[in-house]
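Asks: Sequence and computational prediction follow.
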Amino acid sequence: MTHLHIPDGVLPLWLWASGFALAAALVALGARVASGTDFRRRLPVLSMTAALMIIAMSIPVIPAVYHVQLAGLAGIILGPGLGLIAVFIVNLLLALVGHGGITVVGLNTLILSGEMFAAWALYKVFKRALAPGIAAGVAAFLAMAVGAGVMLTVIALASPEVGLTHLREVTSFGERHHGEHAGSLYAAVPYENLSLRRFAILVVGLGSIGWILEGVITGLMVRFAARVKPDLVGAETAA
């Protein structure tokens with residue numbers, strides 16, 4: 001998964017503080033973009049999307065100990081302005097219940113914002129030639145790769161040991177929800193001398209299973225939305 005599960009006190013001050021500053025600037029920009037005449041009309045959609053993301057990110061999937069994030073869905077449904085607000089709200093609320101530390105809220109907002117924006121942009125391109133559900137699924141899958149790239153950049157700026165901490169937190173997250181066997185894939189990884197290269201291979205190798213799941217779920221949800229309420233996803237016909 002590309003959402004950092006790192007407790008407070010691990011990341012260097014300059015890194016998480018920079019993350020907060022950049023995230024605050026993005027959210028402020030998003031609020032300005034979203035403050036149009038239809039903001040109040042779309043507020044319930046913002047609330048619904050954020051709630052879906054919180055639920056999805058609170059349930060790890062066995063055996064990969066991956067949780068669906070739905071940041072791509074937020075971008076497709078809300079657009080970049082409201083999407084930025086939704087991503088920040090979700091990360092803040094999850095941090096308050098121990099889903100990562102408070103100090104990683106800014107960095108996690110940047111990571112999920114990268115996914116959200118990528119999915120929004122790619123969906124706009126793909127839906128010209130593909131049905132809405134397929135376009136959304138492909139966009140969400142590729143957006144996860146973007147999020148993984150941002151996360152790996154954060155780990156590179158910190159140290160490979162931070163990646164080790166993330167993996168251990170991911171494993172314990174799965175075990176708290178589904179028992180000791182849930183973290184078996186990550187627990188079997190030889191943590192000694194973990195390098196950035198090895199961490200990247202692990203993220204892409206095991207994470208790609210979750211990326212496919214993310215694409216399928218996002219595609220099905222957009223396909224349904226395109227049938228019952230086409231204007232919600234900018235589609236005129238169903239997938």
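Replies: Yep, it's here. Residues are numbered from 1 along each chain as shown.
Asks: Where does Leu157 sit: helix, strand or coil?
Replies: On the three-state scheme (DSSP: H, G, I helix; E, B strand; the rest coil), Leu157 is labelled helix.
Asks: Ok, Ile212 next?
Replies: State at Ile212, reduced to three classes by three-state DSSP: helix.
Asks: Trp120 and Val222: what is the separation?
Replies: Per Cβ to Cβ, to the nearest Å, Trp120 is found 12 Å from Val222. All C-beta atoms are positioned from the backbone trio N, CA, C, and that covers glycine.
Asks: what's Ser58 sitting at in phi/psi?
Replies: Ser58 has phi and psi values of phi -100, psi 0 when expressed as degrees, to the nearest 10.
Asks: Give me the buried positions along the helix or strand harbouring Met53.
Replies: Met53 belongs to helix 39-57 when assigned by DSSP states H and E. For helix 39-57, burial by neighbour count (16 or more other Cβ atoms under 10 Å) applies to Arg42, Val45, Leu46, Thr49, Ala50, Leu52, Met53, Ile54, Ala56, Met57.
Asks: For the second one, give me its contacts.
Replies: Residues in contact with Val45, defined by Cβ atoms under 8 Å, 6 or more residues apart in numbering, are Ile77, Leu78, Leu82, Leu232.
Asks: Please read off the pLDDT at the first one from the model.
Replies: This means Ile77. On pLDDT, Ile77 comes in at 92.
Asks: Quick check: it touching Asp231?
Replies: No. At 10.7 Å, Ile77 does not count as touching Asp231 under the criterion of Cβ atoms under 8 Å.
Asks: Looking only at neighbour counts, state which of the two leads.
Replies: Between Ile77 and Asp231, Ile77 has the larger neighbour count (other Cβ atoms under 10 Å), namely 27 against 9.
Asks: and the strand or helix carrying that one with helix 39-57, angle?
Replies: Following DSSP H and E, one finds Ile77 within helix 71-96. Counting by axes from the mean of the first three to the mean of the last three Cα atoms, to 10 degrees, helix 71-96 points 70 degrees away from the direction of helix 39-57.
Asks: All set now, cheers.
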